[in-house]
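1. heads up, no residue letters with this:
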């Protein structure tokens with residue numbers, strides 16, 4: 001196989017998606033399943049990890065860093081569409097936490113929920129980050145964002161993979177994009193519906209609290225779709241790289 005196409009797989013590592021819970025099943029159960037899949041296919045990825053999670057699970061972060069790139073996802077999964085002095089300090093704190101745990105320089109950043117501001121990019125430069133991956137092709141407001149900071153734009157929302165036409169849309173996007181950057185969450189590798197049920201959370205209430213695409217077809221269905229997508233890209237001549245290597 002001759003590889004002449006590059007793609008990047010990225011994963012956001014944070015506490016579980018449901019705002020009604022304060023759980024970490026995605027990190028404890030979902031992340032190992034993702035890592036095992038990547039190992040089987042000999043693929044390296046970039047993992048955007050919150051500082052809070054890194055402090056809770058330092059051994060997990062060190063395990064990820066042995067093979068993959070570790071980047072920052074903020075400290076508490078906070079929003080950065082409106083910057084404050086405190087949020088600037090949290091950006092620096094997340095970087096310091098990750099670097100202390102991994103003993104590696106952290107050069108990449110992704111804003112939680114892809115919420116950004118002009119001041120964010122200034123803060124990233126001041127903190128010593130080398131690239132950002134917070135701008136998407138699917139959020140209309142991002143079409144107006146202008147920045148000179150090195151940017152790896154994300155093409156499609158992660159949950160699209162779990163819907164009927166999603167797999168084909170990811171395949172088409174990768175063929176049509178010079179350097180496709182895909183993102184997913186560690187909690188997508190667990191059955192979020194079962195998590196809600198086991199925690200005695202009212203599913204009707206949960207549905208009103210967060211989008212259906214955050215719990216539909218998560219777990220085994222997601223992992224199978226992800227595996228099909230990765231194998232298809234490998235068979236099509238793609239080579240997966242980290243954003244760190246792509247930025248050098």
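-> Right, received. Where do you want to start? Predicted model, so just to flag it, every value in this text is computed and none were measured. Residues are numbered from 1 along each chain as shown.

2. how about the helices in this protein?
-> Secondary structure of the chain, counting by DSSP state H: helices at 25, 31-40, 51-56, 58-65, 85-102, 118-127, 166-176, 192-198, 203-209, 220-235, 243-247.

3. Flag whichever of those has the least confidence on average.
-> Among the helices of the chain, helix 203-209 carries the lowest mean pLDDT, at a mean of 54.

4. which residues make contact with stretch 101-113 from outside it?
-> 10, 12, 14, 46, 48, 50, 54, 58, 61-62, 65, 69-74, 77-80, 91, 95, 98-99, 120, 124, 128-134, 183, 243-244, 247 (Cβ atoms under 8 Å, 6 or more residues apart in numbering). For glycine as for every other residue, the C-beta is placed from the backbone atoms N, C-alpha and C.

5. Separate out the buried members of these.
-> With burial judged by 16 or more other Cβ atoms under 10 Å, the buried subset of the contacts of stretch 101-113 is 10, 12, 14, 46, 48, 50, 54, 61, 65, 69-74, 77-80, 91, 95, 98-99, 120, 124, 129-134, 183, 243-244.

6. thinking again about what came up before, would you format the helices of the chain as TSV with distance to residue 6 included?
-> What follows is the helices of the chain, written out as TSV (distance: least, Cβ to Cβ, whole Å):
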stretch	distance to residue 6
helix 25	32
helix 31-40	16
helix 51-56	28
helix 58-65	21
helix 85-102	24
helix 118-127	23
helix 166-176	10
helix 192-198	31
helix 203-209	38
helix 220-235	10
helix 243-247	7
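
7. how much space between residue 221 and residue 86?
-> 39 Å (Cβ to Cβ, to the nearest Å).

8. The two - which one has more neighbours?
-> residue 221 (14 against 8; other Cβ atoms under 10 Å).

9. Name the nearest residue to the more buried one, ignoring sequence neighbours.
-> residue 162 (6.3 Å; Cβ to Cβ, 6 or more residues apart in numbering).
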